[in-house]
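Trainee: Predicted model and sequence follow; I will ask about them next.
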Amino acid sequence: MAITVNTNNAATTAALNLSHASDALRRSLARLSSGNRIVDSRDDPGGMSVAYKLNSRLSRTEAVRHNVQNAISYLQVQDGSLTSAGRIVSRMSELRGMAQDVTKNAGDIENYSKEFIELQRQLGQIYREKFNGVSLFSVSGSSSAQPPAQPPLNKGYTTDENLQRVTIFSRTLYTHDSGQFDSGNVSIGVTNFEHTFNLGSLDSNFVVSFSGTKANLANANSLNVQNYEASSSSANSEVFDEEGFLKSILFVSMGQFVSIIERIADARAENGAEQNRLFMVDELLSMNMTNLEAAHGRIVDADIALESTRFAQQNVKVQAAASMVAQANQLSNIALTLLGR
């Protein structure tokens with residue numbers, strides 16, 4: 001080996017190895033301290049791209065799951081209101097049965113009607129109940145929300161102008177704007193019930209029209225006042241009080257109460273079916289989140305055991321390279337010895 005003064009190739013090579021070992025040691029330290037295999041984009045450009053998209057999808061799935069859970073809460077509150085409404089209508093039918101007793105005089109029937117009016121008032125209150133400002137039962141009124149550019153389902157999907165009615169594969173759902181969610185192939189609609197309450201105040205869709213000598217409620221699914229002799233100027237005050245409630249329980253037949261109870265039962269059955277569906281959706285989303293987290297972790301998480309081994313290896317290399325740089329720098333002293341110094 002030539003003895004030179006201007007060039008120390010051994011020291012340069014040792015310094016290069018020291019630089020490489022130091023860089024590897026720094027990256028190993030960064031992985032161990034962060035717990036991530038990919039510290040920056042140069043570690044794994046392709047893996048970082050996949051992990052970024054998986055993380056974004058995971059965030060969207062988590063947001064949709066929160067929406068599903070809120071929808072379940074909405075339906076549970078709605079079911080509780082339907083339960084109360086069912087008990088109220090059952091009590092009304094009981095009052096109607098007692099009012100048919102031939103031994104009851106006009107005063108007794110008036111007392112039954114007083115409770116009947118109070119129960120109507122409570123039904124009206126239930127009808128107006130809201131969940132975070134969203135009505136539990138009313139589907140009237142227009143919406144300012146705009147229809148989605150691309151419907152969640154490409155076939156069998158129609159919607160009206162104000163997004164209050166959605167038809168999916170011939171099944172009509174009455175929905176609120178905030179109740180429609182979409183994530184990939186999962187579409188969630190919070191079902192509403194149009195004809196649950198037909199007893200109550202004028203606020204509960206009670207409109208009276210008079211024709212001839214009979215007064216009939218306009219809604220075909222509502223109560224009929226049969227054989228009521230009245231003129232158009234006085235019938236309204238005779239049938240309804242100042243708050244819009246039916247004055248007498250005798251204006252309602254037992255069959256109409258039975259019909260309303262059946263509709264409430266149907267509404268509860270649909271509510272329960274929707275809850276079961278949403279619980280299944282929630283379980284599916286939970287499984288998807290678990291799998292997405294596992295896939296994301298396999299890409300970005302550092303193997304601590306492997307990285308600890310690499311850290312120890314690079315640490316030894318750094319110390320050895322530093323020692324060799326120091327030794328290589330001593331080679332120039334040989335030239336000084338030859339020069340007689």
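Mentor: Received, thanks.

Trainee: chain center to stretch 63-74, what's the gap?
Mentor: 3 Å (C-alpha atoms, centre = their mean, to the nearest Å).

Trainee: ranges for the strands of this protein?
Mentor: Here the chain has its strands, by DSSP state E, at 130-131, 134-135, 157-159, 165-168, 171-174, 180-183, 186-189, 208-211, 214-217, 224-225.

Trainee: CA atoms only for stretch 274-289 - export them in CSV, please.
Mentor: Presented in CSV, the C-alpha positions along stretch 274-289 are these (Å, rounded to 0.1, in the frame of the first residue of the first chain):
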residue,chain,number,x,y,z
GLU,A,274,-85.2,-1.4,11.4
GLN,A,275,-83.4,-1.6,14.7
ASN,A,276,-82.4,-5.2,14.0
ARG,A,277,-81.1,-4.2,10.5
LEU,A,278,-79.2,-1.3,12.0
PHE,A,279,-77.7,-3.5,14.7
MET,A,280,-76.5,-5.8,11.9
VAL,A,281,-75.0,-2.8,10.0
ASP,A,282,-73.3,-1.7,13.2
GLU,A,283,-71.8,-5.1,13.7
LEU,A,284,-70.7,-5.2,10.0
LEU,A,285,-69.0,-1.8,10.4
SER,A,286,-67.3,-2.8,13.6
MET,A,287,-65.9,-5.9,11.8
ASN,A,288,-64.8,-3.7,8.9
MET,A,289,-63.1,-1.3,11.2
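
Trainee: List the buried residues for that stretch?
Mentor: Of all the residues in stretch 274-289, those buried under the rule 16 or more other C-beta atoms under 10 Å are 274-275, 277-278, 281-282, 285, 288-289. For the C-beta atoms, the positions are set from N, CA and C on the backbone; glycine is no exception.

Trainee: Report the rounded mean pLDDT for it.
Mentor: Stretch 274-289 comes out with an average pLDDT of 92.

Trainee: what do you get for stretch 241-248?
Mentor: Rounded mean pLDDT across stretch 241-248 is 79.

Trainee: Look at that stretch and report the distance between its end residues.
Mentor: Stretch 241-248 stretches 10 Å from its first residue to its last (C-alpha to C-alpha, to the nearest Å).

Trainee: in it, what counts as buried?
Mentor: Buried, per 16+ other C-beta under 10 Å, within stretch 241-248: 244-248.

Trainee: Closest one of these to residue 23?
Mentor: Comparing the buried residues of stretch 241-248 against residue 23 with C-beta to C-beta places residue 244 closest, at 81.9 Å.

Trainee: For that closest one, what are phi and psi?
Mentor: Torsion angles at residue 244 (phi, psi; degrees, to the nearest 10) stand at phi 90, psi 10.

Trainee: roughly how far apart are it and residue 117?
Mentor: 11 Å (C-beta to C-beta, to the nearest Å).
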